[in-house]
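S.K.: with the sequence up front, the predicted model follows.
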Amino acid sequence: MTETIPPGTRFAALPSPFAFKRGGELHGARMAYETWGDLNAARDNALLILTGLSPNAHAASNAGNPDPGWWEGMLGPGKAIDTNRWFVICVNSLGSCKGSTGAASVNPATGEPYRLDFPDLSIEDGARAAHVVVRSLGIERLACVIGNSMGGMTALAYLLLHPGSARAHINVSGSAQALPFSIAIRSLQREAIRLDPNWNHGRYDDAHYPENGMRIARKLGVVTYRSAMEWDGRFGRVKLDSEMRGDEDPFGQEFEVERYLEGHAQRFVRSFDPNCYLYLGRSMDWFDVAEYGGGDVMKGLASIKVERSLSIGVHTDILFPLQQQEQVADGLRAGGAEAEFVPLPSPQGHDAFLVDIERFGAAIGAFLQRL
């Protein structure tokens, strides 16, 4: 698969070579990003948004691309992240296939996609690359760095690697390290892709594409992104009409929830590169703030110096459970931050920050108003 880049995407060149934490380097690499609002004369009103695994940099509509973005309800004039006040930057993660250099990008040394020749990707590599984007815009210190899900990890790495680079931090359904449950799920996702014969050790093409592996990987992800409460409320035990079941497979789809998962998977499989999916998922499993605290997560978090922070999540999140956002708040508070922890009652699990804009927007908007 080739990269898919939204209209209006901007690019920042990474230093060449750009060395990776675990070895290897990139030459001629780039980061994709978009911006909203205006940078003031003091250059002190900039916010950086770091995304989850799959989103591109198009968080909301803007002059370069009027299409709604993945956080459209949160970002814009008069919204929780108010672009009348803030200059907002959203980067596409290093290692992705949405404009930033990743395994699907062309390796200038060979003229072919990197595939598995892409260096071992860490969360820290993505944080360093995001910092390059910020500095390329002439910004020395952010007002706030906002990280969602995987981006919450990247934001913590950003603050650890670049002390004093932001006054404040909002950690949205993120964490300081991967827990065994989330590692297990991502391990199964990677295994589903790698066991698909069409994966072919990363050397697939559009005609021979690991579609079944990607379908299963995405279904596993979607199951963990929402909560059992929501699955029950949305689908119950509703069965498909007989004409929708088909007779060719005696173990085929029978319930409405199965059809939903299949539809979700089919929309995703050709929109995201499988190798990029493998690299990004593993980078989350490797990340551990304890590395910066002599083996102690809390000491690692306490070494981060920000003036204020907000850690926010939901009770129904099983992938990044609420105690992980509480841990981030406690650790940053130990480091001297005025740290807030906001647990929300949303039934929508890990994906709540994408869909429950009313609850998340109120908390994020109130925090930003106080900066």
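M.R.: Everything's here; your move.
S.K.: R259 - how many residues pack around it?
M.R.: 16 (other Cβ atoms under 10 Å). For glycine as for every other residue, the C-beta is placed from the backbone atoms N, C-alpha and C.
S.K.: domain boundaries for this protein, per the record?
M.R.: 10-179+288-369, 182-278 (automatic domain parsing).
S.K.: show me what contacts P345?
M.R.: 314-315, 359 (Cβ atoms under 8 Å, 6 or more residues apart in numbering).
S.K.: of those residues, closest to P7?
M.R.: Of all these, P7 sits closest to R359, with 31.2 Å by Cβ to Cβ.
S.K.: am I right that the closest one is in contact with L344?
M.R.: Yes - shown here, R359 and L344 form a contact pair, counting by Cβ atoms under 8 Å, at 4.9 Å.
S.K.: please say which of the two ends up with more neighbours.
M.R.: The residue with more neighbours, out of R359 and L344, is L344; 21 against 18, by other Cβ under 10 Å.
S.K.: make sure that one is actually in contact with T316.
M.R.: No - with contact defined as Cβ under 8 Å, L344 does not count as touching T316 (9.3 Å).
S.K.: what's the overlap in contacts for those two?
M.R.: Joint contacts of L344 and T316 (Cβ under 8 Å, 6+ apart) are A352.
S.K.: show me where the stretch 151-300 of the chain has strands.
M.R.: Applying DSSP state E, counting those that start in this stretch to the stretch 151-300 of the chain gives strands spanning 166-172.
S.K.: where does pLDDT dip in it?
M.R.: 243-247 (pLDDT under 70).
S.K.: that one: helices as residue ranges?
M.R.: 180-195, 211-225, 228-235, 242-245, 256-269, 274-286, 297-302 (DSSP state H, counting those that start in this stretch).
S.K.: closest one to E112 among those helices?
M.R.: Nearest to E112, of the helices of the stretch 151-300 of the chain and by Cβ to Cβ, is helix 274-286 at 12.6 Å.
S.K.: ok, and for that closest one, which residues are buried?
M.R.: Neighbour-count burial for helix 274-286, counted by 16 or more other Cβ atoms under 10 Å, picks out 274-286.
S.K.: do I have it right that Q325 meets A339?
M.R.: No - counting by Cβ under 8 Å, Q325 does not reach A339; the two are 10.7 Å apart.
S.K.: more crowded one of those two?
M.R.: Between Q325 and A339, counting by other Cβ under 10 Å, Q325 is the more crowded of the two (27 against 21).
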